[in-house]
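> Fold the following, please.
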Amino acid sequence: MSDDTDDPVMALLATQRAVLAAVENLAGQVEAMQGKLDAMGETLAQLVVGNAGASGAGVGRAMTLGDRFRQATDKEAAADPELRSAQGNYIVAQAITNRLHKGDPEGVARENARVREWIADQLDRGRVFGPGKVRSNEKGVAAVVEPIHEEMFPGRIRAPQPDRER
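Below you'll find the predicted structure:
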């Protein structure tokens, strides 16, 4: 009998068996990881449902005005008479955010999300928003910064003060 250790075909078959065993091992690891991810997804879903219940948007409780604002698209909020003024102020806040975070799209997105949540929270507290204002000038249309926007961006912007007589 000859020794198979020097046979290239046998060496190739042995390598293929080793690779197949490694692939099967990796498949088992991926399957175990998928099981963990599924469990984590279920836990996350339970946490989200728990947070929705804590925020008031849960089973047996009516959706608040703030919840409606959070869930509405910009177009839906603008069309809803109860959300229209809040949406107008959000549009002004977006213009302010774009100016504050010029050249930083991630900063703009984070700030817009924060402001949207701030407005929704204010709606939940019963705040009534006046309409957002814009003015036209030779440069185009510009958002008008009001005192409410100072609240949205504390210490970062100032609303123009009306001229006072002395």
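
> now Ala22: how far from Arg110?
Distance from Ala22 to Arg110, counting by C-beta to C-beta, to the nearest Å: 43 Å. Just so you know, the C-beta spots here come from the backbone N, C-alpha and C atoms, and that holds for glycine as well.

> before we move on, what about Ala79?
27 Å.

> mind checking the SS state of the residue nearest the centre of the chain?
The centroid of the chain falls nearest to Ala113 when counting by C-alpha atoms, centre = their mean (6.0 Å). At Ala113 the chain is in helix, as set by DSSP: H, G, I helix; E, B strand; the rest coil.

> in this protein, which spans are strands?
Under the criterion DSSP state E, the chain contains strands at 134-137, 140-143.

> Please identify the most buried of the ones you listed.
strand 140-143 (a mean of 12; mean count of other C-beta atoms under 10 Å).

> And the average pLDDT for it is what?
Strand 140-143 shows a mean pLDDT of 74.

> who does that strand pair up with?
Strand pairing for strand 140-143, using DSSP bridges, gives strand 134-137 (antiparallel).

> For the closest residue to Gly107 other than its chain neighbours, give me its contacts.
Nearest residue to Gly107 in three dimensions, chain neighbours excluded: His101, at 3.7 Å (C-beta to C-beta, 6 or more residues apart in numbering). For His101, the contacting residues are 107-108, 111, by C-beta atoms under 8 Å, 6 or more residues apart in numbering.

> before we move on, what about Val19?
Contact partners of Val19, counting by C-beta under 8 Å, 6+ apart, are absent.

> Val141 and Arg135 touch, don't they?
Yes. Val141 lies in contact with Arg135 (C-beta atoms under 8 Å); the separation is 7.3 Å.

> By residue count, tell me the biggest helix in this structure.
helix 8-55 (DSSP state H).

> With respect to Met10, which of the strands of the chain lies nearest?
For Met10, the closest of those is strand 140-143, at 77.5 Å, according to C-beta to C-beta.

> which residues are in contact with the closest one?
Outside strand 140-143, the residues within contact range by C-beta under 8 Å, 6+ apart are 91-92, 95-96, 132-136.
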